[in-house]
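1. quick one: sequence and predicted model below, then my questions.
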Amino acid sequence: MLNFKLLGAAAFSAALLAGTAIVHATPVDLTITFDDDPYVSAPLFLDEDSPGVLPESKCNGSNSEKPCLKVNTQGAATLSINSPLTFTIKEFWFLLIGRGDDMLVTTYVGDMVKGTLSLIQGSGPGEYGFNDDGHIADVSGNDFFKNITKISFIMACPPDDDKKKKKDGPACAGTGLIDDIKLTYDDGKTPPPATVPLPAGGALLLAGLAGLGLLRRRKAA
C-alpha cells in the first residue's frame, strides 16, 4: 500500500515539475556608446571624473558616429551597476594619446578590486602604440572581467617617468579614449516558463492521473 502511494505521488509530481522553469535572469548583450548625458542606458551608470564624454568628431572606434569617453591621469572614469546585478566585459576599443602614458583598467566586485589590466605604451611584445588608429582589447577570456559591479579607466605614468620633472610626483600630459564597450549584463528579469514538449509533458501527466485512479480503486476495494 505504501509503495503504491509513493509511485502515484511521484508520477504526478513529475508531471507538474516538468512545466516549471528554473528561475534565473536573462543576460542581455550590449555595446555601450556614451551619450552626452553622463547616464548610460539603465541599469548601468557612468561616473566620469576625467575630461569626460567627447562628441562624435573626436571618436575613432568602430562606433565612431557615437560619443566616446576621454580619460586622463587626474581621475578615473567608472562604469557601474547596482548590486546584486553584475555585468561581464567582452571587449573594448581604446586609444593612447601622447607619449609615455599607460592606461589602467580595474574591475571591482562591490568595493573590492578583482583585478587590474595595464595597457602599456611601447613597441615591445604586449605593448601598444600611441596616436594611431587604436586597438581592441579582447578580455572575454579574462576572469576578472566577469561578473563585476564596476570597471574604472584611468591614465598613469610609467614607473620612474616624470616627463615634467615636477617635485610633487609624476605628471604626464597624455590621455586616452575608450569606446565600443561590449558587455553582457544581468537585467534582473525572470524569463517566461519554458515550454514543455507535448509528448513528454502529456505522457507524464497521464502517468500521474493513472496512478491516482488506481490508488482510488485500491481504496474502494
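-> Ah, there it is.

2. tell me where the model's unsure across this structure.
-> Along the chain, the parts satisfying pLDDT under 70 run over 1-25, 35-38, 56-57, 60-65, 158-173, 190-221.

3. one more time with 50, if that's ok
-> 1-24, 167-170 (pLDDT under 50).

4. all strands in it, in order from the N-terminus.
-> 27-32, 44-48, 52-54, 68-71, 77-81, 87-97, 102-109, 112-119, 135-138, 150-156, 175-186 (DSSP state E).

5. against Cys157, how distant is the closest residue to Ser140 other than its chain neighbours?
-> In space, and not counting its chain neighbours, Ser140 is closest to Lys90: 4.7 Å by CB to CB, 6 or more residues apart in numbering. Every C-beta, even on glycine, is put in place using the N, C-alpha and C of the backbone. Using CB to CB, to the nearest Å, Lys90 is found at 29 Å from Cys157.

6. got it, and Val113?
-> 20 Å.

7. which of these two has more neighbours?
-> Between Val113 and Cys157, counting by other CB atoms under 10 Å, Cys157 is the more crowded of the two (19 against 13).

8. from memory the more buried one sits against Gly100, does it?
-> Yes - counting by CB atoms under 8 Å, Cys157 touches Gly100, with 6.5 Å between them.

9. what about the residue lying closest to Asp49 once chain neighbours are set aside, neighbour count?
-> Nearest residue to Asp49, sequence neighbours excluded (CB to CB, 6+ apart): Gly75, at 3.1 Å. Residues near Gly75, counting by other CB under 10 Å, number 15.

10. can you tell me how far Gly75 is from Ile81?
-> 20 Å.

11. try Ile181
-> 13 Å.

12. out of these two, which sits in the more crowded spot?
-> Counting neighbours by other CB under 10 Å for Ile181 and for Ile81 shows that Ile181 has the greater number, 27 against 21.

13. list the beta-bridge partners for the more buried one.
-> Ile32 (DSSP bridges).

14. mind listing what it touches?
-> 31-32, 79, 89, 91-92 (CB atoms under 8 Å, 6 or more residues apart in numbering).

15. farthest-separated two in the residues you listed?
-> Across the contacts of Ile181, no pair lies farther apart than Leu79 and Glu91, at 14.0 Å, counting by CB to CB.

16. more neighbours: which of the two?
-> Leu79 (24 against 15).

17. that one and Ile151 touch, don't they?
-> Yes - taking CB under 8 Å as the definition, Leu79 is a contact partner of Ile151 at 5.3 Å.

18. now do the end-to-end distance for stretch 31-42.
-> 13 Å (CA to CA, to the nearest Å).

19. gap between Ile81 and Lys90?
-> Taking CB to CB, one finds Ile81 at 15 Å from Lys90.

20. do the same with Ala156
-> Applying CB to CB to Ala156 and Lys90 gives a distance of 24 Å.

21. repeat that for Ile148.
-> From Ile148 to Lys90 the distance is 12 Å (CB to CB).

22. next: Leu44.
-> 14 Å.

23. cool, Asp143 as well?
-> 13 Å.

24. okay, the two: which has more neighbours?
-> Lys90 (19 against 10).

25. correct me if wrong: that one contacts Tyr185.
-> No - contact criterion CB under 8 Å: Lys90 and Tyr185 do not qualify, at 11.1 Å.

26. hmm, Gly52 is touching Cys68, no?
-> No - counting by CB under 8 Å, Gly52 sits too far from Cys68 to count as a contact (10.4 Å).
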